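Trainee: for reference, the sequence and a predicted model appear below.
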Amino acid sequence: MSQSDLRNEMDAAEVEPLLPIEKKLIGWSLGLGIGLLVVLIAVNHFVPIKL
Amino acid sequence: MSDIAIKVSQPVALQARLNEDWLAVVIGLLVFGLALVSISGTDLLGWAVTTSVYTDLSQALSPFAKAYAWLGGGGALLATYAALLVVLSAGVVTLGGDARKFALAFTAVFAIAYASWIAGSYAYVAAVTPAEQQKFGLAWSLKLTNEGGFIVALLSGLVIANFFPRVADWLKEAIRPELYIKIAIVILGATVAVTAAGRLNLASSLLLRGAAAIVEAYLIYWAVIYFIARKWFGFSREWSVPLASGISICGVAAAIATGGAIRARPAVPILVSSLVVVFAVVEVLILPFLAQTFLWHEPLVAGAWIGLAIKTDGAAVAGGGITESLIMAKAAAEGVKYQPGWILATTTTVKIFIDIFIGIWAFILGYIWTNHIDKGPDKAKPAEIWQRFPKFILGFILVFAISLWLALGSTPQIAKALPAAAGEANVFRVIFFVLTFFSIGVLSDFRKLWQQGFGKLAAVYFVSLFGFVIWVGLLISWLFFSGFKPPLAS
């Protein structure tokens, strides 16, 4: 497949709506990510970097 | 993760990439092993060329070890070139490459890249402190440190890619930034271990904070960028997955691994990869200088930020090297002398932590796609986690573990001799960095990308990178690393 084919295809492609499973993936990733970051920030607070 | 020559006509050859990973491990271990022999008193790599800051070109080059002083700078340069030519040509043959073509192209690549490195060591470019300026009798200098040579190599590559495309095409057999940086990272394991052995508490603290990088890249960056690509820019799933992986995780390997996992056509992740490399170049040219200006008083924040913001191994780790040099130079000018190695170690730790999970993430996406989106007989298999694991990381871990054991668990004599051996290996790490920078430049044909009409892809990258990735990366780096400085040099 040439790059011009891909370019035409990108220009002509119809929008695919977000499926429920994609929404779940995005939501769970963000939720889990923010949750884990909060935990790690807490760990960082209680176990500070030692020089 | 890393950077490769990008042509749509190339198939995505997973087998070849795995071989390249193992080749990097073999060459990296070879350099490390030979350097270790110096501990016994037999110096096998002391002929390797090093470059000092200079005003008189004849004083720029010298062999690493005094025992090889008889070689002179020119002899050391030739010996280094010949050794790399032989080892890399043999390696390229194992990858199925053409040894003759590689040898010719590598000769030119090495000559231009190392000339760039020498140019970057010119005192007017590299001298940093007032004492250095006085030593060379200079009224001014760019204060880029001798690692400004990386920028010169990158610019040389960019000039060739954008103004001499036929030369770039002729060089392509030796334009292998992915191989060069992986070898460099394996070798880097020794330096990181020697640095860590001096401050075990700080080193273990860095590891703990590497976990934050994984969470940030895979769970936060990926989800947001996938959403932006799908919802705001209307990209299909086939384009959005490699795009989100390329921008959020680790460039080329992540785009290809996750593109393969969702069964995207090979050309899609390859094209995304070309975009990743181009943006990485722009970032390397900008971010280290921003870090020097705004984060020089928070060196570890700067190191982590570079690892989180720049999306290829080559550009990120090399960018960490430049950032370290620039920040150390600025701090030195203010009278603070940090121990070298900590900023680069922070960048490398962050990057390696992110790399480790590429296979797992590709499997998760593959599982979701093959079971819920494009249901078919071709299901994702757990074996793909190992297949897509970046094997060169094993080389880094092995070198790191052996070096750490030698530093802490062996005799005092060996522990005392280890830093010099690691320093000898580091000479080759620097050379592979230079080759990486030059190669990344040669791959970055801005005009071609623009002509091919991938402005919409670039727009997603631009919006995500400058609107989100850089700032969130800075915030997270600040939360985890602010207030902690590298040890002061004794």
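Mentor: Sure thing, it's come through.
Trainee: for the chain, longest helix please?
Mentor: Since you didn't name a chain, this refers to chain A. Using DSSP state H to define each element, chain A has its longest helix at helix A:20-46.
Trainee: sorry, I should have been clearer: chain B.
Mentor: Ranked by number of residues, the top helix in chain B under DSSP H is helix B:412-443.
Trainee: so what's the gap between that helix and the chain middle?
Mentor: The chain centre lies 12 Å from the centre of helix B:412-443; the measure is C-alpha atoms, centre = their mean, to the nearest Å.
Trainee: near chain A at all, it?
Mentor: No: applying C-beta under 8 Å from any C-beta of the partner chain, one finds helix B:412-443 separated from chain A by no less than 15.6 Å. In short, each C-beta sits where N, CA and C put it, glycine included.
Trainee: helices or strands up against that helix?
Mentor: For helix B:412-443, the helices and strands in contact under the criterion 3 or more C-beta pairs under 8 Å, 6 or more residues apart in numbering or on different chains; DSSP states H and E are helix B:14-37, helix B:99-120, helix B:148-163, helix B:177-198, helix B:267-295, helix B:313-333, helix B:392-408.
Trainee: check which residues of that helix are buried.
Mentor: By neighbour count with 16 or more other C-beta atoms under 10 Å in any protein chain shown, helix B:412-443 contains the buried residues B:414-415, B:417-443.
Trainee: show me what contacts residue B:195?
Mentor: Contact analysis of residue B:195 by C-beta atoms under 8 Å, 6 or more residues apart in numbering or on different chains lists B:203, B:339, B:341-342, B:345.
Trainee: turn the helices and strands packed on helix B:412-443 into TSV, including mean pLDDT.
Mentor: Below are the helices and strands packed on helix B:412-443 laid out as TSV (pLDDT from 0 to 100):
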stretch	mean pLDDT
helix B:14-37	83
helix B:99-120	96
helix B:148-163	89
helix B:177-198	84
helix B:267-295	84
helix B:313-333	86
helix B:392-408	89
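Trainee: closest to residue B:480 out of those helices?
Mentor: Between residue B:480 and the helices and strands packed on helix B:412-443, the tightest spacing by C-beta to C-beta is seen for helix B:267-295, at 13.7 Å.
Trainee: what angle separates the closest one from helix B:148-163?
Mentor: If you take axes from the mean of the first three to the mean of the last three C-alpha atoms, to 10 degrees, helix B:267-295 sits at 140 degrees to helix B:148-163.
Trainee: now do the buried residues in helix B:267-295.
Mentor: For helix B:267-295, a neighbour-count test (16+ other C-beta under 10 Å) marks B:267-285, B:287-288, B:290-292, B:295 as buried.
Trainee: just those that are near chain A?
Mentor: Restricting those to those near chain A by C-beta under 8 Å from any C-beta leaves B:267-268, B:271.
Trainee: grab the nearest non-local neighbour of residue 21.
Mentor: In the absence of a named chain, chain A is used. Once flanking residues are discounted, residue A:21 sits nearest to residue B:372: 4.5 Å by C-beta to C-beta, 6 or more residues apart in numbering or on different chains.
Trainee: hmm, I had chain B in mind actually
Mentor: Computed as C-beta to C-beta, 6+ apart, the closest residue to residue B:21 that is not its neighbour in sequence is residue B:391, at 3.8 Å.
Trainee: distance of that neighbour relative to chain A?
Mentor: 27 Å (C-beta to the nearest C-beta, to the nearest Å).
Trainee: how about chain B: which residue is closest to chain A?
Mentor: The nearest approach of chain B to chain A comes at residue B:219, 2.9 Å away (C-beta to the nearest C-beta).
Trainee: next SSE after the host helix or strand of residue B:201?
Mentor: Using DSSP states H and E, residue B:201 sits within helix B:200-214. Note on helix B:200-214: by DSSP H and E, the next helix or strand toward the C-terminus is helix B:222-227.
Trainee: who does that following helix touch, helix- and strand-wise?
Mentor: helix A:20-46, helix B:237-245, helix B:455-464.
Trainee: average pLDDT for stretch B:444-451?
Mentor: Mean pLDDT, taken over the full extent of stretch B:444-451, equals 72.
Trainee: what residues are up against the residue nearest the centre of chain B?
Mentor: Nearest to the geometric centre of chain B sits residue B:314, at 2.5 Å (C-alpha atoms, centre = their mean). By C-beta under 8 Å, 6+ apart, residue B:314 lies in contact with B:2-3, B:177-178, B:180-181, B:280, B:436-437, B:439-440.
Trainee: name the nearest residue to the residue of chain A found nearest chain B, ignoring sequence neighbours.
Mentor: Closest contact between chain A and chain B, by C-beta to the nearest C-beta, is at residue A:33 (2.9 Å). Spatially, and ignoring its direct neighbours in sequence, residue A:33 is nearest to residue B:219 (2.9 Å; C-beta to C-beta, 6+ apart).
Trainee: that older thread, and the ones next to chain A among the buried residues of helix B:267-295, which is closest to residue B:51?
Mentor: Using C-beta to C-beta, those come closest to residue B:51 at residue B:271, 37.4 Å.
Trainee: my read: that closest one touches residue B:457, true?
Mentor: Yes: at 7.5 Å, residue B:271 and residue B:457 qualify as touching, with contact defined as C-beta atoms under 8 Å.
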